[in-house]
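Enquirer: Below are the sequence and a predicted model for it; my questions follow.
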Amino acid sequence: MNHIRLLRFFWIFIAICLFLSSVTYAAKPSDDDALSDIKEGKVVWDLTVGSPSKLLLMLNVIEETYDDLTRQNVKPDMVFAFHGPVVKLITTEYLDLPLDEEEAHEQALLQLKKLSEKPGVKMESCSIATRLLDVDNESILPYIKPVGNTFVSLIGYQKKGYALIPIY
């Protein structure tokens, strides 16, 4: 008799756990209203953030955005426009960073590489910013294309229907 009670308790326990896990880990809500009749998600990310930890955080959110578009059958078409202080973070040159930012910088570089390999992603850096901040365009990461002026890029991409999302 005890075995039957124990077995019954076990199955009730499993059923409760399964129910709670389905409530706790429910599917991510959809963005149906915003994405109705949308087949392509065109966005230009206007990146200037100069902090490695903030850059890493935003790159993770951008990746989640990419994945959310894909999950909802919208083809991502993303352009990253780097200008301002961030150009110092996207080089192959050694940076003298505080210890608490070194790991974030390494992770941000890995995340940038990962994002650059996704279909529909382009990356550009501003030659005006690199000149003003004394960063050699030759040292910019190889998957980021130096352009003359990312403000011109932002104008052009917006005229082509890309949504502008600033990351400061």
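Expert: Yep, it's here.

Enquirer: and residue 92, backbone torsions?
Expert: Taking degrees, to the nearest 10, you get phi -90, psi 0 for the backbone angles of residue 92.

Enquirer: Surely it is in contact with residue 141?
Expert: Yes. Counting by C-beta atoms under 8 Å, residue 92 touches residue 141, with 6.5 Å between them. From N, CA and C alone the C-beta is placed, and that goes for glycine too.

Enquirer: the more surrounded of the two?
Expert: residue 141 (17 against 11; other C-beta atoms under 10 Å).

Enquirer: what are the C-alpha coordinates of stretch 72-85, in PDB please?
Expert: Extracted in PDB, the C-alpha atoms of stretch 72-85 (Å, rounded to 0.1, in the frame of the first residue of the first chain):
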ATOM      1  CA  GLN A  72       8.500  36.000 -35.900                       C
ATOM      2  CA  ASN A  73       9.300  35.300 -39.500                       C
ATOM      3  CA  VAL A  74      10.700  38.800 -40.200                       C
ATOM      4  CA  LYS A  75      14.000  38.800 -42.100                       C
ATOM      5  CA  PRO A  76      16.500  41.100 -40.200                       C
ATOM      6  CA  ASP A  77      18.400  43.700 -42.300                       C
ATOM      7  CA  MET A  78      20.600  45.500 -39.800                       C
ATOM      8  CA  VAL A  79      23.300  48.100 -40.200                       C
ATOM      9  CA  PHE A  80      25.600  49.100 -37.400                       C
ATOM     10  CA  ALA A  81      26.900  52.600 -37.700                       C
ATOM     11  CA  PHE A  82      29.800  53.200 -35.200                       C
ATOM     12  CA  HIS A  83      31.000  56.700 -34.500                       C
ATOM     13  CA  GLY A  84      32.100  58.700 -31.500                       C
ATOM     14  CA  PRO A  85      33.800  57.100 -28.500                       C
END
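
Enquirer: can you map out the helices along the protein?
Expert: Along the chain, the segments classed as helices by DSSP state H run 2-24, 32-35, 52-71, 99-116, 127-132, 150-159.

Enquirer: how about the nearest residue to residue 125, chain neighbours excluded?
Expert: Once flanking residues are discounted, residue 125 sits nearest to residue 82: 4.5 Å by C-beta to C-beta, 6 or more residues apart in numbering.

Enquirer: Nearest to the spatial middle of this structure, which residue is it?
Expert: Geometric centre of the chain, nearest residue: residue 62, 2.3 Å, by C-alpha atoms, centre = their mean.

Enquirer: contacting residues around the nearest residue to it once chain neighbours are set aside?
Expert: Excluding the flanking residues, the one nearest residue 62 by C-beta to C-beta, 6+ apart is residue 45, at 6.2 Å. Neighbouring residues of residue 45 by C-beta atoms under 8 Å, 6 or more residues apart in numbering: 62, 78-81, 165, 167.
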